[in-house]
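S.K.: Got a sequence here, can you model it:
(2 chains)
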Amino acid sequence: MATNTESVELVGDEAATNLARAALFAALVGAFAYVSFPFPLSPAPVTLQVLGVFLAGIYLGPVWGGAALAFYLLAGALGAPVFANGSAGVGVLVGSTAGYLWSYPIAAALVGAVVHRGTDLRDLDAVGVGTLVGATAAGVVVIYAFGVVGLAVVLPELTLAEAFVTGAAVFLPAEAAKVAAAVGVVRSDAIAAA
Amino acid sequence: MTLSYAPGDSLAHRLDPRSKLLVQAGFAAAAYAYTTPRGLAALTLLAVACLSFAEGGPRDVWTYRFAFPVLALAPLVAGATLGAPWFRPERAAATGLASYRVLLILVVAAGYVRSTPVRESRAALQRTVPGRAGQFLGVGVALVFRFLPLLKRDLLTAREAIRARGGGALPVRDRMRLVAVAGVNRAFGRADRLGTALNARCFAWNPTLPRLAFGRGDAVALAVGCGLLAAAVVRAL
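M.R.: Sure thing, here's the model as predicted:
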């Protein structure tokens, strides 16, 4: 073992709690990858990672929400089975779904910034349904823009339109259900600790 | 079945995690630089060797099956055109090669995941990313590994409870909402208890990490990784 002989640097109380929340949210997004719903029109079952991205932005805000999704990507790259179907590894981050994954921290930060109008968290009871729908819809746009461009970069012969047909179009209807679910979660007042 | 660390004493298990990460980076760069039939044939041998050094096999690659439909469909979409000649084989072939290289990169990554425990990955991360940023990421990654199985079980329990109460008849968005509410509440509950416990036990930025040391095998791995990176750079120039 490599023993540290310099003095111990304690983590502050607030930072420790925020860090724990961000890490737990990252693990939750990973656990959402295992929850699949069959969805009409969709060739593959729909998982809830994107819903996790929305909720991380909404409940943790732009800074810690983005950090949570950065933890998620890094943990997956280093071998935590958090990507679709419990896969893991650096390869996924340069593979066909790479664009979607890289967009998650950015989308979470964007959703958080729109919902909280800046980096300071505000009371979610004061946030209107319109803001929630707008924020999550903006998140969907960012995720699919990155995802389609990512697929076209990884498979360079595909044009953007072909990449959209291959990797995105069939999944879009399910995103509407996730936006509705995210708004439902926030409006239901069912989250105790927020 | 999921892809995860499998304890063992294989060649790959004994390598330093940093040299394994370098090999992966080099391999990905080389696969993107040499997307030709000959280049990918050579890289296929290397990828299979990497996975077998970690005592992995086809079962590990099968965990990436979510990626297969898009990779298989892409050459057909790229080749298809509206109007004569309807199908352009050269575009389909180029996209097929691009799809195949993604598969190879996944095979090499599976070798890393099989052969590297979390503690070593975290130590490699904190030694590669200096200062507070590395420590921050290291703590976060370690906590994700620790809590993923617990939250998976929480969500499974919630789904069973919803199903037992006839929730299967609800629309999809309501089922998603119920699972998400249960998951977020459990995650927040666990996070707040964890935060309190961490504070109570003097949670520090600089805990003791396992010692990492390059051995004789690492010299070969580092040479392979650097060689692949250099080959990719030469090709790009």
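S.K.: Give me the domain ranges for chain B.
M.R.: B:11-116+B:215-236, B:130-200 (automatic domain parsing).
S.K.: what about the shortest one and chain A, any contact?
M.R.: Yes - judged by C-beta under 8 Å from any C-beta of the partner chain, domain B:130-200 comes into contact with chain A at B:136-137, B:139-141, B:143-148, B:150-152, B:154-155, B:159, B:172-177, B:179-181, B:183-185, B:187-192, B:194-196, B:198-199. (Glycine included, C-beta is placed from N, CA and C.)
S.K.: A:V11 touches B:W205, doesn't it?
M.R.: Yes - counting by C-beta atoms under 8 Å, A:V11 touches B:W205, with 5.8 Å between them.
S.K.: about what we covered before: could you tell me which of the residues of domain B:130-200 next to chain A are located in helices?
M.R.: Among the residues of domain B:130-200 next to chain A, the residues falling in helices (DSSP state H) are B:136-137, B:139-141, B:143-148, B:150-152, B:154-155, B:159, B:172-177, B:179-181, B:183-185, B:187-192, B:194-196, B:198-199.
S.K.: still on that earlier bit, comparing A:V11 and B:W205, which shows the higher neighbour count?
M.R.: A:V11 (21 against 15; other C-beta atoms under 10 Å in any protein chain shown).
S.K.: For chain A, which segments count as helices?
M.R.: A:13-32, A:49-77, A:98-116, A:129-154, A:160-167, A:172-187.
S.K.: Going by neighbour count, list what's buried in the fourth one.
M.R.: This points to helix A:129-154. Residues of helix A:129-154 classed as buried by neighbour count (16 or more other C-beta atoms under 10 Å in any protein chain shown): A:132, A:135-137, A:139-140, A:142-144, A:146-152, A:154.
S.K.: State the distance from A:T119 to B:R190.
M.R.: Going from A:T119 to B:R190 by C-beta to C-beta, to the nearest Å gives 25 Å.
S.K.: residues in contact with B:L76?
M.R.: Counting by C-beta atoms under 8 Å, 6 or more residues apart in numbering or on different chains, B:L76 touches B:A92.
S.K.: so which strand or helix has it?
M.R.: For B:L76, the enclosing helix or strand under DSSP states H and E is helix B:68-79.
S.K.: Which helix or strand lies directly C-terminal to that helix?
M.R.: As assigned by DSSP H and E, the chain's next helix or strand after helix B:68-79 is helix B:89-115.
S.K.: Could I get the average pLDDT for that next one?
M.R.: Per-region confidence: helix B:89-115 scores 89 on mean pLDDT.
S.K.: do stretch B:17-26 as well
M.R.: 92.
S.K.: Tell me which residues are up against that stretch.
M.R.: With C-beta under 8 Å, 6+ apart as the test, stretch B:17-26 has contacts from A:90-91, B:12, B:50, B:105, B:108-109, B:111-112, B:115-116, B:120-121, B:123-124, B:127-128, B:212, B:214, B:218, B:221-222, B:224-229, B:232.
S.K.: Residue 16: neighbour count?
M.R.: If you meant another chain, say so; for now it's chain A. That count, for A:A16 with other C-beta under 10 Å as the rule, works out to 20.
S.K.: Correction: the question concerned chain B.
M.R.: If you count neighbours by other C-beta under 10 Å, B:D16 ends up with 21.
S.K.: Tell me how far it lies from chain A.
M.R.: Relative to chain A, B:D16 is positioned 13 Å away (C-beta to the nearest C-beta, to the nearest Å).
S.K.: Report the contact partners of that residue.
M.R.: By C-beta under 8 Å, 6+ apart, the residues touching B:D16 are B:124, B:212-215, B:218, B:221.
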